[in-house]
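Q: Next one to model:
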Amino acid sequence: LATSACTLIQFLSPLLWERIKRRKPALVVWSFVSNILSYLVITLIPFLKNQNDTKLILYVVITIFTSLVGSLFSSANSAWTLPSLPFEKRVNYSSLANLGATIINVAAAFLASIYLDSMESREALADGVSNTLIAVVLLRLISFVIVMINSVLTALHVKEYPYEHTTDRKDSKGLGMLLSPLRDKAFMMIIMIPAFQTLSGSIIGNFYNIHLVSNVNLSYTAISAVTFITTPATILFTIIWTMLLRRNTWLKCLAVAYAGYAAAWMSNMFISATTPYFYFISIMIY
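A: Prediction:
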C-alpha cells in the first residue's frame, strides 16, 4: 500500500524536471543508486545480525524510499530515452522488445523455478539458513549484475536530446501546469485505461502466485513450465500484432487486447486444487 501511494508523487514531478535542461546525469546516478538499494542491499538484509523487527523496518524504509524517488524520476526517464527511437520504428521496436523480453523472462523464470524447487527439497544448513534463501539470494545477485550492466549501457549509448518547452503558455508553470491535463476530456479518458489496468493488477498483486502454490498446490516449476510452452504463441501473435498496428490505430488494437485480458482474468476464478487445468487455459488466453 505504501509503495503504491508513493507513485502519487509523479503528479508533482513536472515542477522539478521542467526546470532542468540536462536530466541525464541525475537519471543515471539514480539508476545506479536504485539498483544497489533494490537488488543488493535488500538481498543482504536477511543476513544481518539484527532482530527480525529491525530487518523488517529496514526493508520497508528502503522499499518506500526507492518507490518514492523512483516515481519522481520515472517520467523524466521516459522523456530522456524515448526520443532516441524514431517514431516510424517504434512499432517494430515495441514488438521485438516485447517478444525478446517475454522469451527471456519465461526462460529465466523456468530455470529459476527448477533451481528453487530442487533447493527446497534439501535440508537446511547447519546454522539454520534455508537452502531456499541461499538460492533466492544467488538469483537476486545475478539480477543485480544484469541491471547494472543495463544501466551502464543505457548511460553510454542513449543520447539526450533537447526537451520541448512551452514557456509562452499561461498554464506552463506551477499549479496551472499540473491542472491543465485535467481539463482535457480526451486525455483523461485515455488515462483511465492504464488507471483501471493498474487497479485490477494491484488487486491481485503477488497474492496470485501465493494462491497457486499454497492452495492449488502447483510447484514453481509447473507454473513456469506452463508459461514457457506459450512462447510459440507469443512469437506468432507478435507478428500478428505488428501487422495490425500498421493498419489500425494503437487505441483500437489496445481495445481488442484488453478484451482478451478480460477473458483471461475471468478464467482465473475457476482455478482451484481440483481444477488446476484452468491455469493453463488462463495463460493460453493471456
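Q: pretty sure A79 contacts R23?
A: Yes - A79 lies in contact with R23 (CB atoms under 8 Å); the separation is 7.3 Å. The way it works is simple: take the backbone N, C-alpha and C, and place the C-beta from them, glycine included.
Q: burial measure for C6, as a count.
A: Other residues lying near C6 total 19 when counted by other CB atoms under 10 Å.
Q: what residues are up against it?
A: Neighbour list for C6: I64, S67, L68, G70, S71 [criterion: CB atoms under 8 Å, 6 or more residues apart in numbering].
Q: quick one: which of those residues is nearest to T249?
A: Relative to T249, the closest of the contacts of C6 is S71; by CB to CB it sits at 29.2 Å.
Q: so the closest one makes contact with I9?
A: Yes - counting by CB under 8 Å, I9 is a contact partner of S71 at 4.9 Å.
Q: which of these two has more neighbours?
A: In this view S71 and I9 are compared by other CB under 10 Å, and S71 has more residues nearby, 20 against 17.
Q: How about the contacts made by the more buried one?
A: S71 neighbours (CB under 8 Å, 6+ apart): C6, T7, L8, I9, Q10, S13.
Q: so how far is A5 from it?
A: 10 Å (CB to CB, to the nearest Å).
Q: go on, P14?
A: Separation of P14 from A5 (CB to CB): 19 Å.
Q: Looking at these two, which is more packed in?
A: Neighbour comparison, P14 and A5: the larger count goes to P14, with 17 against 12 (by other CB under 10 Å).
Q: Check the offset of whichever strand or helix holds that one from the chain's centre.
A: Taking DSSP states H and E as the criterion, P14 maps to helix 13-17. Here the centre of helix 13-17 is set off from its chain's centre by 23 Å, with CA atoms, centre = their mean, to the nearest Å.
Q: For that helix, which helices and strands make contact with it?
A: When contacts are defined as 3 or more CB pairs under 8 Å, 6 or more residues apart in numbering; DSSP states H and E, helix 13-17 packs onto helix 52-81, helix 174-179.
Q: By mean pLDDT, show me the worst of these.
A: Note on the helices and strands packed on helix 13-17: lowest mean pLDDT is at helix 174-179, with a mean of 69.
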